[in-house]
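> what's the 3D shape of this:
(one chain, ligands or ions: 1)
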Amino acid sequence: MFDNVPGDYGFETDLLHWGAYIDPEKTRHPESMPIYLTTVFNAEDLDELVKIRETKSFNYNRTRNPNRSALNDIITKLENGQASLCTTSGMAAISTALLTELKSGDHILTDKTLYGEVFDLFNQILEKFGVSFTIVDITDMDEVRKNTRSNTRIIYTESASNPMTTVCDVEQIAAFAHERGIKVFVDNTFMTPYAFRPLDHGADVVINSLTKFCNGHCDVIAGSITGSADFIDKCLANQWVLGDGLDGMSAYLCQRGLRTLSLRMERAFSNAEKLATALQKNPHVSLVCHPSLPEHPNHEIAFRQFKGRYGAMLSFDIENGTVETLNKFLHALKFVHYAASLGGIRTTVSVPAHSSHRRVPKEMREACGITDSLIRVSVGCEDIQDLVNEFTQALEQAYC
Ligand SMILES: *Cc1c(COP(=O)(O)O)cnc(C)c1O
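Numbers count the residues shown, from 1 in each chain. Presented below is the predicted three-dimensional model:
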């Protein structure tokens, strides 16, 4: 099957069939996993086709791809779940997981600081199919209790929120939810499984946007769902019809990015703590949000839950931060760039009121602390003194 096809064929047949494969027996142990850029796998005959199905082998790329399967395995191990599913984006992971769990008439309880597009998913799609939702401050158990209904099926939250880095007590929420037969879904994008494993703290399902810290190199959009084998099987059946399985190339890149997760996160966490402390001392900075700071409202729970790690995301507000001041600040940055995404090895900044939260009404934004001048920083792995100097000099120039 893998040989060239000698014979008296026409030019076009030879053109298509020679040199298509190297015998897999001769390439059995490459140190790095090959990238499977194939839409389909051939079967010798109908008996083999049956075997492929029975052994859950590879047949068609929408259903299974070797690189995706390898990535599923790493994520499962890292998140300490039973199984995982990798998707074409973090949003695809969220929508596939929610569509799998929910039915018409169900209710979701969620947090006011949620990642913006998840609200859009609730509003644009889930409501249309009869799923309702209530937004609360998820760090306030009284609010959670008061707003739970008999039809509440999911409590949906994040391990640290964007951009105020709010941290909720997952164990407490899971204990409350499970008494009432409610499932807990946690988006772990900000903390990553290196710092936090929501399933170990009682969550039922964990979602990651692998686009961010997990891949860490700003070259792949991808997501993952991890949970019980039973739940992931159901998600997989839905992935086949929704068509959001991650492609081989992206899965390969993501697998490669993940190998250095510990090294990158250790460095970025340490940089974030030091940068947060330096910014706090800056005369132009009015507020710094990072869970490592004792003043942070969720410092205690973050300390306990994340075992002394606080993440690489921080935000800070500046005095009299007009658009002009913000622009002067952005122009004065030399190696830190503006980016609407986060989680890369290089430090980036964004202004949530002008990007991720621009469609959230101003009053709602400000109720969460997201002023027009709040600057979000995704802290990378640069030399820490260079980073502190970079922000210090840019703030000085913004006010001169
Ligand atoms: C980016 C992000 C998402 C969405 O992920 P995509 O890969 O962009 O689809 C979901 N949740 C959080 C917390 C994110 O930061």
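
> and the next element down the chain from the longest helix along the chain?
Secondary structure assigned by DSSP state H gives helix 261-280 as the longest helix of the chain. Per DSSP states H and E, the first helix or strand lying C-terminal to helix 261-280 is strand 285-289.

> Summarise which helices and strands the longest helix of the chain is packed against.
helix 192-195, strand 285-289, strand 313-318, helix 384-398 (3 or more Cβ pairs under 8 Å, 6 or more residues apart in numbering; DSSP states H and E). Where C-beta positions appear, they are placed from N, C-alpha and C, glycine not excepted.

> And the contacts of it?
Outside of helix 261-280, the residues within contact range by Cβ atoms under 8 Å, 6 or more residues apart in numbering are 78, 192-195, 213-214, 216, 285, 288, 290, 292-293, 309-314, 316, 345, 347, 377, 379-382, 384, 387-388, 391-392.

> Let me know whether residue 236 touches residue 86 as I believe.
No - between residue 236 and residue 86 there is no contact under Cβ atoms under 8 Å: 10.7 Å.

> ok, these two, which is more surrounded?
residue 86 (31 against 19; other Cβ atoms under 10 Å).

> and the more buried one, what element?
Counting by DSSP H and E, residue 86 is found in strand 83-87.

> How about the next helix or strand after that strand and the ligand, any contact?
Helices and strands here follow DSSP H and E; after strand 83-87, the next one along the chain is helix 90-101. Yes - figure legend: helix 90-101 in contact with the ligand (Cβ under 6 Å from any ligand atom); contacting residues 90, 91.

> and helix 90-101 with strand 83-87, angle?
130 degrees (axes from the mean of the first three to the mean of the last three Cα atoms, to 10 degrees).

> Other residues contacting helix 90-101?
85-87, 108, 117-118, 121, 125-126, 153-154, 156, 183, 185, 187, 189, 205, 207-212, 221-225, 227, 231, 234-235, 238-239, 242, 244.

> Report the buried members of those.
Buried members of the contacts of helix 90-101, counted by 16 or more other Cβ atoms under 10 Å: 85-87, 108, 117-118, 121, 126, 153-154, 156, 183, 185, 187, 189, 205, 207-212, 221-225, 227, 231, 234-235, 238-239, 242, 244.

> What about those, which are in helices?
Using DSSP H, the buried ones among the contacts of helix 90-101 in helices are 117, 118, 121, 231, 234, 235, 238, 239, 242.

> list the buried ones in the longest helix of the chain?
261, 264-265, 267-276, 278-279.

> Same check on stretch 67-82?
For stretch 67-82, by 16+ other Cβ under 10 Å, it's 67, 68, 69, 70, 71, 72, 74, 75, 76, 78, 79, 81.

> how much space between the first one and residue 89?
Same thing as residue 67. 16 Å (Cβ to Cβ, to the nearest Å).

> again, but for the third one
Taking Cβ to Cβ as the measure, residue 69 falls 19 Å from residue 89.

> Quick check: residues of the stretch 1-150 of the chain near the ligand?
Going by Cβ under 6 Å from any ligand atom, the residues of the stretch 1-150 of the chain near the ligand are 89, 90, 91, 115.

> can you list those in CSV and add distance to residue 57?
Below are these laid out as CSV (distance: Cβ to Cβ, whole Å):
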residue, distance to residue 57
89, 26
90, 28
91, 29
115, 36
